[in-house]
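# need coordinates for the below:
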Amino acid sequence: MSRPRVGFIIQRYGPEVLGGAEAICRAIARHLSAHWTIEVLTTCAVDHMTWANALPTGTSDVDGVTVRRFAVDYPRNIRRFNRQNERILMRFHSFEDERRWMALQGPHSSALHDYLAARARDYDGFVLFNYLYATTYESLGQVGKRFYLVPFAHDEPQIHLRLFEDVFRSPRGIAFCTEEERDFVRTRFPFSLPPSEVIGVGLDPPAEADGERFRAKFDVGEPFMLYAGRIDESKGCDELLEDFADYRRRYGSDGALALVLAGSGRMKIPQCDGIHHVGVIRGQDKWDAAAAARFLVLPSHFESLSLVLLEAWATGTPVLVNSHCAVSVGQCRRSAGGTWYRNSDEFCAAADWLARDDDLCARLGRCGREFVHRHYRWQTIVERYVEFVRFDR
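Next up, the predicted model:
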């Protein structure tokens, strides 16, 4: 039997892209390419704020997977988008207001739209990644009922818009990352949803991770907590910096951990003792940073699955997460690999506890590593996808 030809549709794609959902999509495409003939249909954008065309149109190979890129028609007008975003988050607005919001949200690509209109029947089916963007919403009319959805959903204000009801009602099936994501979607959309499965993602850890190598390369001599990801208010980084400053005031520079920020963003980072911004790190450096950290801190309120949390556990490093994120707390409960905080007082107490208790950190890290090994092996993830996602030939 020939392999099914499957189109993966996502807003942006490639090693240049910084984003957890996009990284998960790339990993899934790479590992499922042994079972399906996959083509990724995406835009030329790299920056999720502007959607500016940064990569050439046409076909290329990324990690052994064919990628077709289509130009974005217009960059996002941030001021107009922010005004429309405020409007649709008010209690009373029209469905047309929501459609205008989606047009401003983007990325809109008429070239992708036209390609699907002409060529959708060349594919046995599609997998649409990320419910939130126009690449998913505007593809519904072309792919019909021949798609599965990987939504990366969480309880953010926009998911309560009515236009997303069609996104969740239309697929043949929905692949969730965690039990909490599944339970939230079932509550948010009380109509009969398509069949679903909690599948998640696998990890590709290196043979070893060397914390001392990271310390030497980036000149970080003191013990530290690690934040890795986009440095942005939407990820809770403003709260993290405030909580960290409070922690250093309480416990002093001699007894307190430093904070290493690994990532990029538009936020201003304070230039003060105890904060090390090492920029974007990839590959071995990423794993070495996790191994070097006393613990990983995840301040985000909204996650459907945090890849950096799993990567920290894979190196035996415990985590401290924001209690407002049900997914992160659920992962900590199931793994016994971390703890959580509700406010600055609890952040300070938990950080001090983890900084001082070697046995606790070792036990949490060990539990986290065992949890990842049991549930996030690629062989298991691929088997779940191949069993769940079926296309009519």
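# what ranges does the stretch 251-393 of the chain have for its strands?
Taking DSSP state E, counting those that start in this stretch, the strands of the stretch 251-393 of the chain run over residues 258-262, 275-277, 295-298, 319-322, 338-341.
# which positions in the shortest one come out as buried?
Along strand 275-277, the positions that meet the burial threshold by neighbour count (16 or more other Cβ atoms under 10 Å) are 275-276. Heads up, the C-betas are built off the backbone N, CA and C, glycines and all.
# what residues go with each domain of this structure?
Listed by automatic domain parsing, the domain ranges of the chain are 5-202+377-388, 211-375.
# what strand or helix carries residue 249?
In the assignment (DSSP states H and E), residue 249 maps to helix 237-255.
# contact partners of that helix?
When contacts are defined by Cβ atoms under 8 Å, 6 or more residues apart in numbering, helix 237-255 is touched by residues 227, 231, 256, 259, 261, 265, 267, 269-270, 272-275, 297, 299, 322, 344, 347-348, 351-352, 355.
# write a ChimeraX command that selects only the buried members of those residues.
Selecting only the buried entries of the contacts of helix 237-255 in ChimeraX, with 16+ other Cβ under 10 Å as the criterion:
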select :227,231,256,259,261,265,267,274,275,297,299,322,344,347,348,351,352,355
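# and the contacts of helix 237-255, which of them are in helices?
Judged by DSSP state H, the contacts of helix 237-255 include 344, 347-348, 351-352, 355 as members of helices.
# show me which of the residues you listed is closest to residue 134.
Residue 134 lies nearest to residue 347 out of the ones in helices among the contacts of helix 237-255, by Cβ to Cβ, at 36.6 Å.
# and the domains of the chain as JSON lines, adding mean pLDDT?
As requested, the domains of the chain are arranged in JSON lines below (pLDDT from 0 to 100):
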{"stretch": "domain 5-202+377-388", "mean pLDDT": "95"}
{"stretch": "domain 211-375", "mean pLDDT": "94"}
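# circling back to that earlier point, among the ones in helices among the contacts of helix 237-255, which two are most distant?
Longest span within the ones in helices among the contacts of helix 237-255, Cβ to Cβ: 344 and 355, 16.1 Å.
# for the ones in helices among the contacts of helix 237-255, which one is nearest residue 151?
For the ones in helices among the contacts of helix 237-255, the residue nearest residue 151 by Cβ to Cβ is residue 347; the value is 29.8 Å.
# now residue 58. Nearest residue, chain neighbours left out?
In this structure, residue 58 finds its nearest non-sequential neighbour in residue 69, 6.4 Å apart by Cβ to Cβ, 6 or more residues apart in numbering.
# helix or strand next in line after the helix or strand hosting the one you found, which one?
Element membership for residue 69, per DSSP H and E: strand 65-70. Toward the C-terminus, strand 65-70 is succeeded by helix 78-88 as the next helix or strand (DSSP H and E).
# packing partners of the next helix or strand after that next one?
Next along the chain after helix 78-88, taking DSSP H and E as the criterion, comes helix 95-105. Applying 3 or more Cβ pairs under 8 Å, 6 or more residues apart in numbering; DSSP states H and E, we find helix 95-105 packed against helix 78-88, helix 134-137.
# of all the strands of the stretch 251-393 of the chain, which lies closest to residue 371?
Residue 371 sits nearest to strand 338-341 of all those, at 10.1 Å, using Cβ to Cβ.
# give me the contacts around the closest one.
When contacts are defined by Cβ under 8 Å, 6+ apart, strand 338-341 is touched by residues 295, 309, 318-323, 328-329, 331-332, 347, 349-350, 354, 364, 368.
# circling back: list the strands paired with the strand holding residue 69, with their directions.
strand 37-43 (parallel), strand 58-62 (antiparallel) (DSSP bridges).
# out of those strands, nearest to residue 121?
Nearest to residue 121 among the strands paired with strand 65-70 is strand 37-43; the distance by Cβ to Cβ comes to 13.9 Å.
# now that closest one: buried residues?
So for strand 37-43, counting by 16+ other Cβ under 10 Å, buried means 38-43.
# what's the answer for stretch 328-348, then?
Result for stretch 328-348 [16+ other Cβ under 10 Å]: buried residues 328-332, 335, 337-341, 344, 347-348.
# please apply the same query to stretch 138-154.
138-140, 142-143, 146-154.
# quick one: end-to-end distance for that stretch.
End-to-end distance for stretch 138-154: 21 Å, by Cα to Cα, to the nearest Å.
# tell me the buried residues in stretch 365-384?
Residues of stretch 365-384 classed as buried by neighbour count (16+ other Cβ under 10 Å): 365, 367-369, 371-372, 375-376, 378, 381-382.
# pretty sure the residue nearest to residue 58 sits against residue 46.
No: using Cβ atoms under 8 Å, residue 69 is not in contact with residue 46; the gap is 10.7 Å.
# looking at those two, which has the bigger crowd around it?
Neighbours of residue 69 and residue 46, each counted by other Cβ atoms under 10 Å, are more numerous for residue 69; the result is 24 against 19.
# identify the bridge partners of that one.
Here residue 69, judged by DSSP bridges, has bridge partners residue 42, residue 58.
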